[in-house]
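**Student:** Below are the sequence and a predicted model; questions follow.
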Amino acid sequence: MPGSLGARNAGLAVALVSLLAVIGPPLGLSPWAITLVAFLALGGLTLDAARFGGRGGHLLAEALPGGRSRLRRIAVHEAGHALVAAEEQLPVQRVLVGSLACLRAGVASGGCTEFEPPPHVRLPAEDLRRWSRVLQAGMLAEQLLCGDSIGGADDRALLGRLWGLSGHDVDTAQREQRRARREVEQWLRGHRAELEAESERLLAAAPRLGHPAP
């Protein structure tokens, strides 16, 4: 979220300035140099918050030469959601890959797949199973193609809320989610070529700072 990103970045800037204030004089740094660094750091934070919603560091990281590998993992995650959603006939509104795409869409994330919201708060068991498969698909796609999973905290949180709001006990929810996980793992392994192709398509379409729009 932008707020947590801003707080973290501000903390890093304060820590940097504090460190310079302590070690600067023994190293021969003048107070003016320390003041300039503080001014630039705080100015950069202000610009980042105002212009990029606190995600300036992510935008820069994705624009650098190594940024493509970062974006590829995001593309793999979102491709997993999109493919399993199509298999489950769960409509997808849009898929965004990268901080720049999300910033342009007004979404505070590095990537997301947006679905049509459920028609009811309390979902029947079969609909909950479908959502369990779709929401876990991004993490499982990462594990299959990248070796591990980094993203997915929001997916797990949403899945927990859906099961909780539907009135099922914790044991039932966990059992059904494990079952859905096994089903998705098997499906993705059987459709690995499609997953790779969709990931590459999303990656090719992802915008980056300083790169021509695809």
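**Tutor:** That came through fine.

**Student:** what does stretch 161-181 contact?
**Tutor:** 118, 121-123, 125, 128-129, 131-133, 136, 140, 159-160 (Cβ atoms under 8 Å, 6 or more residues apart in numbering). Every residue, glycine included, has its C-beta placed from N, CA and C.

**Student:** Closest one of the residues you listed to residue 208?
**Tutor:** Ranked by distance to residue 208 (Cβ to Cβ), those are led by residue 140 at 26.3 Å.

**Student:** Relative to residue 58, how far out is the closest one?
**Tutor:** 24 Å (Cβ to Cβ, to the nearest Å).

**Student:** Out of those two, name the residue with the larger neighbour count.
**Tutor:** Between residue 140 and residue 58, counted using other Cβ atoms under 10 Å, the more crowded position is residue 140 (26 against 21).

**Student:** List the contacts of the more buried one.
**Tutor:** Residue 140 touches 80, 149, 181, 184, 185, 188, counting by Cβ under 8 Å, 6+ apart.

**Student:** switch the cut-off to 7 Å
**Tutor:** For residue 140, the contacting residues are 80, 181, 184, 185, 188, by Cβ atoms under 7 Å, 6 or more residues apart in numbering.

**Student:** Can you check my assumption that it lies in a helix?
**Tutor:** Yes: assessed with DSSP: H, G, I helix; E, B strand; the rest coil, residue 140 lies in a helix.

**Student:** and it, what pLDDT?
**Tutor:** For residue 140, the pLDDT comes out at 97.

**Student:** tell me the domain ranges of this protein?
**Tutor:** 2-54, 67-205 (automatic domain parsing).

**Student:** Can you tell me which of those has the worst average pLDDT?
**Tutor:** Across the domains of the chain, the lowest-scoring stretch is domain 2-54, with a mean of 48.

**Student:** pretty sure residue 88 contacts residue 132?
**Tutor:** No: using Cβ atoms under 7 Å, residue 88 is not in contact with residue 132, being 9.9 Å away.

**Student:** Could you look over the domains of the chain and pick the most buried one?
**Tutor:** For these, the largest average neighbour count (mean count of other Cβ atoms under 10 Å) is found in domain 67-205, namely a mean of 18.

**Student:** Relative to the whole chain's centre, how far out is that domain?
**Tutor:** 11 Å (Cα atoms, centre = their mean, to the nearest Å).

**Student:** just the helices in the chain please.
**Tutor:** 2-27, 31-52, 56-63, 67-87, 99-105, 125-146, 153-165, 170-190, 192-205 (DSSP state H).

**Student:** Quick one: list the elements packing against the third one.
**Tutor:** In this case it means helix 56-63. Applying 3 or more Cβ pairs under 7 Å, 6 or more residues apart in numbering; DSSP states H and E, one finds that helix 56-63 contacts helix 67-87, helix 99-105.

**Student:** hmm, 10 Å instead?
**Tutor:** helix 2-27, helix 31-52, helix 67-87, helix 99-105 (3 or more Cβ pairs under 10 Å, 6 or more residues apart in numbering; DSSP states H and E).
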